[in-house]
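Asks: Using only what follows, build the 3D model:
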Amino acid sequence: MINLEEITIKISPELAQIYRQASTETQAQIQSKITALLESQIMSYHQEKLKKFRETMDKRSEEAQANGLTPEILKEILADTNE
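Replies: Residues are numbered from 1 along each chain as shown. Just a heads-up that it's a prediction; the model follows:
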């Protein structure tokens, strides 16, 4: 069984009334659809943020290499900071 957590969202009074008057089965269907929509939106948001992060890291890596930073030099720098 999936563990669910309750959240609160704001909707119009009319929608709230219709939802409360709906059958338990209809409410469950609505909850499933809202869950799917939220998952889709949140995953899309996180994927976009991850893409931007990777692009930033790639750009910084290219800049570092253009300025003469090599993997060997980076290892030396990191080794010095760990001592």
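Asks: max-length helix in this protein?
Replies: The helix that spans the most residues within the chain, counting by DSSP state H, is helix 24-66.
Asks: quick one: residue 49 and residue 35, what's the gap?
Replies: The spacing between residue 49 and residue 35, counted by Cβ to Cβ, to the nearest Å, is 21 Å. (Each C-beta comes from the backbone N, C-alpha and C, glycine too.)
Asks: how many degrees apart are the lowest-mean-pLDDT helix or strand in the chain and helix 24-66 in direction?
Replies: Least confident helix or strand, the chain: helix 71-82 with a mean of 85, by mean pLDDT, DSSP states H and E. Using axes from the mean of the first three to the mean of the last three Cα atoms, to 10 degrees, the direction of helix 71-82 lies 110 degrees away from that of helix 24-66.
Asks: Which of the helices or strands spans residue 17?
Replies: Assigned by DSSP states H and E, residue 17 falls within helix 13-21.
Asks: who touches that helix?
Replies: 11, 27, 30 (Cβ atoms under 8 Å, 6 or more residues apart in numbering).
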